[in-house]
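*Asks:* Compute the structure for the input listed below.
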Amino acid sequence: MANRKATTDGEARHKRAKRQHEDEDQESVVGPSRQTSQQLQITAEEGEAGIVESITLKNFMCHSLLGPFTFGSNVNFVVGNNGSGKSAVLTALIVALGGTAQATNRGASLKGFVKEGESSAEVSVTLRNTGRDAYKVDEYGQAVVIDLKLTRDGMRTYKLKNKSGQIVSTKKEELMSILDNFNIQVNNPVSILTQEMSKHFLHSKGEGDKYKFFMKATQLEQMKFDFISIKTAKQFTEDKVSQNGECLRDLKRTYLEKEDSYKSLSSLDDMQAKLEELQKQMAWCLVAEMEAELLPLRQKLVSDQLSTRKFDDKVDEWKNKVTEGELKYKQIHDQLNAITERIQELQPQCTQLKAEVLRQDSLRKEGEVTFHRRKTSLKNLETDKGQLCSRINELKLSISQTTGAESQLKDQRMQQLQAELEDLSHQDSTLGQQIDQYQQATNRAKDELGKLRNEQSSLQRSIDANRKNLQTLEASSSNRLRRFGEHMPALLKAIQEAHRAGQFKERPRGPLGYCISLKDPQMALAVEVCLKSQLQAFTCDNHNDENVLQGLMAPFYPSGQRPSIITSRFLDHVHNTSRRGVHHPTYQSVLQSLEIEDPVVANCLIDQRGIERILLIKNQSDARGVMAKPPRNCTQAFSAEGDQIFENRSWSAEQTRANFLFGDVEEEIRHLQREMENQMAQVGRYQQRKQKVEEDIRKNEDLLKKAHVEQKKTQGKARKLQVELTELQNMEEPQSEDLKPLEEDLEEIIGKIASQQAQCEEARVQVAKLRASLEEAEQQYRKHKDQISAIAEEADSMKEDLSKSDQEVMKCKHHSKHYEEKRKTHIDNIQARKASLEGQEYELAASVAKATEICPERVDVRRTAKSLDSEINLLKTKITTQQAQQGNREEIVKQYKEAYENYKDTAQQMKCLKSFIRTLNQIITDRLKAYNSLRRMLSARCKYYFDSLLSQRGYTGSMTFNHNDETLSISVQPGEGDKAELSDMRSLSGGERSFSTVCFVLSLWAITEAPFRCLDEFDVYMDMVNRRISMDMMLKIADSQRYRQFIFLTPQSMSSLPESKFIRVLRMKDPERGSHDQASSLDQED
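*Replies:* Numbering: from 1, shown residues only. So this is what the prediction gives:
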């Protein structure tokens, strides 16, 4: 068992509950495992309040002086022979603590305790007053001293002193309060078991006596007597109520008779009083009727005056709309001027780009001229080559006339082949240029088509997103929750139902964006970019709530798309951010710019995002200037455009408008509708442009395909002709010396042709480059021109908006003038009605003055003046008739009051008694249930501890409680439990019976509470073995209950006790036999 610790006075109310748990823990101490007295562990602290520190006896019983005896806080043995005064000490303790003479079994009255020859006896007991249960520490200190004086006449007086000896009280009620506070029960045999009670219990053979001992030890007997007393009192009360019922009916009958006489006597006074009252009512009735006539007029005047405010509001509203319209007109006009200025700024660049296109076109034309010049030169060279070849052929013909017709045909064929090859070469070069042009045109068109498709796809995605946002906005106009998703209202409803069903310890909060609002709507985009996904997040108090919330989200959101859940303990106050938050004289932090009513939401955003350290600065340049040298505790800043600025870097926002935190829903809807209209128009333009580009691609691809086919055919023909020409050239022919110069010239021309062909190809490549540069310049020019066209279209839209704004301003001015005229007419009507009302109120004031003379205090009248006048006349007639019929007025009034008081008092007493009986019946029923439950619990615990203690010596036994017959049957078997049957305690030896009795007493100890326990000669009938086992058990229990005190009185020497600072032995001196008084002293051994 854990060591007992000292506690404060404020924990006193918990002490008994704690001790009850500690007693339950002692099951391991008194269980089957044995532990010898030599193995005691000295670890506990000293006992607490209520233990006996010392006792002194003077002239008590046959002893002149005993003590002072100083007891230890745990185990104390008072050892001495018979007659040495052991029992006198125990008897004095009982008497000093308020016990009766019968409780000590030592005498019939208290005067028998005074020593023969003495007039009085004195007993002084000191109780410890420390720990949690200390009693009035400020008055008594750490000890309560109880001084008892007994006289020969049987009187006893108390003096309750503090530790220093000062008297605090002399009342026995104070002593009872102290005993109740310390839970000291001197009449309980478990707390103090005297020698006579021990002998009676030890030799008792009746099962009823054992049951009575159990009931008395557990105080169940006292509770039973209390119940019997309560039932007797209840029965007496019920009888009294039954007896008084008839009496009450008689009193009521008498009261009613006297009441009739009293009413008939006082009817004349009532009529006089009623007449006066009716006259007063008549006076004020006339006033009330006039007021009733004025009330609608006043209400109408007040209503008109209040409605004046509405007219003022309407006039102000339309004036404000005029101002707003004019401001909007000016803004649109300024924007239109700005667009015009942009067009004028872009026009010079457009002119420059056009000039560049003309320059590139001029360079292209020059390149083409150069290319054609070189191509013409090449043709001339080829013509010279043909002529030279013709000359050579003629010479060869003249030389080779002898060769015959075959040689002539060969030359002709070679010339023909050469000419055809040259034509095919020119055709192939032309087709190559065409293929390059077609391919470049196709590639440019495909690139443009890809860009158009990407732009159109991006634009379509933007349209879809805007359409979805528009649907959300239209739905959120009636339900703001739909901004956070179409399923959010249903999810919050499910959360509310689950919370009402008790599934959540704390109701989750969310979405967090729904729980906050902006002080400045212009910073909506900045706050939204700062908080990001946390606007749709939820927060839970614990992980169990998080799991429940995930289950609720599952039907609404697919896996991976549900809002995030933040788990953090909920607090009822917002975190203190005065030290770690940023403070700037001009700009606010995110936390300062938000209105958050729920501290849970504020704490979540502080913990997760650190909003107390982030600044909001509208102007981006100002934000960069502030963050160049950040203020203390500032980590970052956001501009109104959503840009995120750090100390050395910044990031632009990906979105341009707020999606969750915007203020004016209608304005957002109009903006999205206009944006979608512009986007749809742009989609149409993209579609037209895409169709034109696709048509160009199809045409160029067809031309390219045809050119490739034609080029392949041409190249195939050229290869065949070249093969045939090569074969003819390889044939050997006779040569002449005259042909050599011509052939050399021919070779030179052929070289020039090759050089010219290279130059021509170079010129063709240069022309292609110039054409590409021209195309690029034209593309830049077209792009710039399209930009100017787009701005011009925007300007056209601005002009339409400007016209609409002008019309709206005119409309607002018309409405403003209309309401000003209505307000003027309304005010004139009010003035006329007010003048009429003042005249009627003057007449009312005169009527009120007359009514006040009759009755100073106003009377509330609910009748008409006509009915009052009729009743006044009737009462006057009755009064005249009954004025002569007066009787003995005072006697009738006296009898009526006495009858009324008697009936009223008796009826009230009967009501209180019946209520008391009902309450008492309910209390008795509840207490009997608790009594039976407590009795069963104590019986079960007593059985368990009894079996555990018997098993330490190998005994077995049983306890059988019969609460109906009020018997307790105890059976014990000293032998082995499996081989012998249980037998009644009457068949046991004296030592075995004493041992069983000790086990029974220790079982009662385990289920009862007391600061100390006393046993007188508990081992007198035990043999050495049972005495040793019993002693070991009691020492073991004492060691486990260091906070309790144990006092054992025995004639044995106790020389075998273990050495311990918690065991104290007080040895009484042997009694002196003789005529001299015994001056008692003792030896104390620790």
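
*Asks:* Quick one: mean pLDDT over the helix of greatest length in the chain.
*Replies:* Among the segments of the chain that qualify as a helix by DSSP state H, the longest is helix 220-399. Across helix 220-399, the average pLDDT comes to 78.

*Asks:* tell me what it is packed against?
*Replies:* Helices and strands touching helix 220-399, as assessed by 3 or more C-beta pairs under 8 Å, 6 or more residues apart in numbering; DSSP states H and E, comprise helix 207-217, helix 405-476, helix 739-854, helix 865-882, helix 889-951. Any C-beta I mention is one placed from the backbone N, CA and C, and that applies to glycine too.

*Asks:* Contacts for the fourth one, please.
*Replies:* Residues from elsewhere that reach helix 865-882 (C-beta atoms under 8 Å, 6 or more residues apart in numbering): 267-268, 271-272, 274-275, 278-279, 281-282, 285-286, 289, 861.

*Asks:* Looking at these, spot the one nearest Ala217.
*Replies:* The shortest distance between Ala217 and any of the contacts of helix 865-882, using C-beta to C-beta, involves Ser267 and amounts to 74.6 Å.

*Asks:* Now Phe1046. Its backbone dihedrals?
*Replies:* When read as degrees, to the nearest 10, the backbone of Phe1046 gives phi -120, psi 130.

*Asks:* I'd like to know how far it sits from Val529.
*Replies:* Phe1046 is 77 Å from Val529, where distance means C-beta to C-beta, to the nearest Å.

*Asks:* between the two, who's got more neighbours?
*Replies:* Between Phe1046 and Val529, counted using other C-beta atoms under 10 Å, Phe1046 has the larger neighbour count: 24 against 19.

*Asks:* so how far is Phe69 from that one?
*Replies:* Per C-beta to C-beta, Phe1046 is found 15 Å from Phe69.

*Asks:* What of Thr430?
*Replies:* When distances are taken as C-beta to C-beta, Thr430 and Phe69 turn out to be 141 Å apart.

*Asks:* How about Ser568?
*Replies:* Using C-beta to C-beta, one gets 64 Å for the distance from Ser568 to Phe69.

*Asks:* Which one of these two is surrounded by more residues?
*Replies:* The residue with the greater number of neighbours, taking Ser568 and Phe69 and applying other C-beta under 10 Å, is Phe69; the counts read 24 against 14.

*Asks:* Now do the same contact list for the spatially closest residue to that one that is not a sequence neighbour.
*Replies:* Spatial nearest neighbour of Phe69, chain neighbours left out: Ile55 (5.1 Å); criterion: C-beta to C-beta, 6 or more residues apart in numbering. Neighbouring residues of Ile55 by C-beta under 8 Å, 6+ apart: 67-69, 71, 89, 92-93, 96, 123-126.

*Asks:* from these, which two are the most distant?
*Replies:* Considering C-beta to C-beta, no two members of the contacts of Ile55 lie farther apart than Phe71 and Val123, which are separated by 14.8 Å.

*Asks:* Which one's more surrounded, those two?
*Replies:* Between Phe71 and Val123, counted using other C-beta under 10 Å, Val123 has the larger neighbour count: 28 against 24.

*Asks:* I'd guessed that one sits against Val95; true?
*Replies:* Yes - counting by C-beta atoms under 8 Å, Val123 does reach Val95; the two are 6.5 Å apart.

*Asks:* Between the two, which contacts overlap?
*Replies:* Listed contacts common to Val123 and Val95 are 148, 150; contacts here mean C-beta under 8 Å, 6+ apart.

*Asks:* rewinding a little: can you convert the contacts of Ile55 into TSV and add a column each for distance to Asp786?
*Replies:* Converted to TSV, the contacts of Ile55 look like this (distance: C-beta to C-beta, whole Å):
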residue	distance to Asp786
Gly67	121
Pro68	118
Phe69	118
Phe71	112
Val89	120
Ala92	120
Leu93	116
Ala96	116
Val123	120
Ser124	117
Val125	114
Thr126	111
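
*Asks:* any chance of the residues you listed in CSV, with secondary structure and pLDDT too?
*Replies:* As requested, these are exported to CSV (DSSP: H, G, I helix; E, B strand; the rest coil; pLDDT from 0 to 100):
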residue, secondary structure, pLDDT
Gly67, strand, 79
Pro68, strand, 88
Phe69, strand, 87
Phe71, coil, 88
Val89, helix, 87
Ala92, helix, 86
Leu93, helix, 87
Ala96, helix, 86
Val123, strand, 91
Ser124, strand, 92
Val125, strand, 91
Thr126, strand, 92
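
*Asks:* What subset of the residues you listed is buried?
*Replies:* Using 16 or more other C-beta atoms under 10 Å as the burial test, the contacts of Ile55 include 67, 69, 71, 89, 92-93, 96, 123-126 as buried.

*Asks:* Dump those to a markdown table, plus distance to Ala758.
*Replies:* Compiled in a markdown table, the buried ones among the contacts of Ile55 are given as follows (distance: C-beta to C-beta, whole Å):
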| residue | distance to Ala758 |
| --- | --- |
| Gly67 | 143 |
| Phe69 | 140 |
| Phe71 | 134 |
| Val89 | 143 |
| Ala92 | 145 |
| Leu93 | 140 |
| Ala96 | 141 |
| Val123 | 145 |
| Ser124 | 142 |
| Val125 | 138 |
| Thr126 | 135 |
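
*Asks:* Looking at those residues, which is nearest Tyr255?
*Replies:* When those are compared for distance to Tyr255 (C-beta to C-beta), Ala96 wins out at 59.3 Å.

*Asks:* so how far is Ala658 from that closest one?
*Replies:* Using C-beta to C-beta, we find Ala96 at a distance of 86 Å from Ala658.

*Asks:* now swap in Lys231 and tell me
*Replies:* Computed as C-beta to C-beta, the Lys231 to Ala658 distance reads 78 Å.

*Asks:* what about those two, which has more around it?
*Replies:* Taking other C-beta under 10 Å, Lys231 and Ala658 do not tie; Ala658 has more neighbours (21 against 13).
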